[in-house]
Structure formats: structure tokens, C-alpha cells
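Asker: turn this into a model:
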Amino acid sequence: MNTCYSAPLPAGPVISGLNSEGNAYTLPDVEGPVLVLFVTTTGWRIAKIEVPPELIGRGFGRQLLAAVCAAADGANVTITLTVERYSRRGLYKQVLRTWYRRMGFIAPMGDDHMERRPRTTL
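Answerer: Okay, the predicted model is just below:
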């Protein structure tokens, strides 16, 4: 007999302007786009940003990521991620890498692992 254990995901950081359930963040009043974020010993790790194909190009992914970046700046933490094409209809890696660069991410090793260090204001 297989035993299935289910527990709620631990809560991630509170991010202004986003709804959260465990580690999944969504936009208020918009169904579909989601960002999954984990807190690690070295900062925050984005596991997934998913925008349904019919909603791509409307700025929802940017809104999710901008809110997380602003929260990371306020918390003085680095965000890391790995660029992956998430579905057959998903965006190509080069397009995603360019998109993340516009949001302040760099690829220090020149590969698909990217990071964004916190921005400070004077």
C-alpha cells in the first residue's frame, strides 16, 4: 500500500502587490500567470515563471518579476534562476535570457544560470 503525504508549502516572503500561496505568487485579478520562488541560504531562487500562451506579451510576467525584484532589493537579497524553455509553445532561451537581462539579471558564468544582485538607493 502506498502512503501519500501532503503538507502545505512553506510560506515565501511577503511581496507587495502579489497574492501568494506557499511559494506561488500571482497577480491580483489575473488568472493564469504564476511565479514560483524559494528562499535558499544564499538568497531567493525563481523556480518558474509561467504565463499561459494566450497571455504572453501583455506584461504579466514582467509585473510578477518586477514585484519580486523590488522585494529582493528591499530585503537585500540576490535572486537566481536557470533559463529553461518551459513548454513546446514557450519562448526560446535566447529570448528569455534577453528578457531577464532587461530586468537586471546577468549570467556570470556565461550559461543559463542567471542572477540579480540587490539594487541599493542612496
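Asker: quick one, strands of this structure?
Answerer: 19-21, 24-26, 34-40, 43-50, 79-82, 113-116 (DSSP state E).
Asker: for residue 12, grab the count of nearby residues.
Answerer: By other Cβ atoms under 10 Å, 21 other residues sit near residue 12. No exception for glycine: its C-beta is placed from N, CA and C like everyone else's.
Asker: I meant to write residue 108 there.
Answerer: 9.
Asker: likewise the one 10 residues further on?
Answerer: Taking other Cβ under 10 Å as the neighbour definition, residue 118 ends up with a count of 15.
Asker: wait, it touches residue 76, no?
Answerer: Yes. Between residue 118 and residue 76 a contact is recorded at 4.8 Å, counting by Cβ atoms under 8 Å.
Asker: overlap of the contact sets of these two?
Answerer: Counting by Cβ atoms under 8 Å, 6 or more residues apart in numbering, residue 118 and residue 76 have no contacts in common.
Asker: so what's residue 81 bridging to?
Answerer: Residues in a beta bridge with residue 81, per DSSP bridges, are residue 114.
Asker: how much space between it and residue 31?
Answerer: Distance, residue 81 to residue 31, using Cβ to Cβ, to the nearest Å: 23 Å.
Asker: neighbour-wise, which of these two wins?
Answerer: Neighbours per residue, other Cβ under 10 Å: of residue 81 and residue 31, the larger number sits with residue 81, 21 against 9.
Asker: where's the more buried one relative to residue 22, distance?
Answerer: Distance from residue 81 to residue 22, by Cβ to Cβ: 18 Å.
Asker: contacting residues around the residue most central in space within the chain?
Answerer: Residue closest to the average C-alpha location in the chain (Cα atoms, centre = their mean): residue 46, at 4.1 Å. Applying Cβ under 8 Å, 6+ apart, one finds that residue 46 lies in contact with 35, 36, 37, 65, 68, 79, 80, 81.
Asker: hang on, the earlier thing: out of the strands of the chain, nearest to residue 99?
Answerer: Each of the strands of the chain has some distance to residue 99 by Cβ to Cβ; the shortest is strand 43-50, at 9.6 Å.
Asker: helix or strand with the lowest mean pLDDT in the chain?
Answerer: For the chain, counting by mean pLDDT, DSSP states H and E, helix 93-102 ranks last in confidence among helices and strands (a mean of 88).
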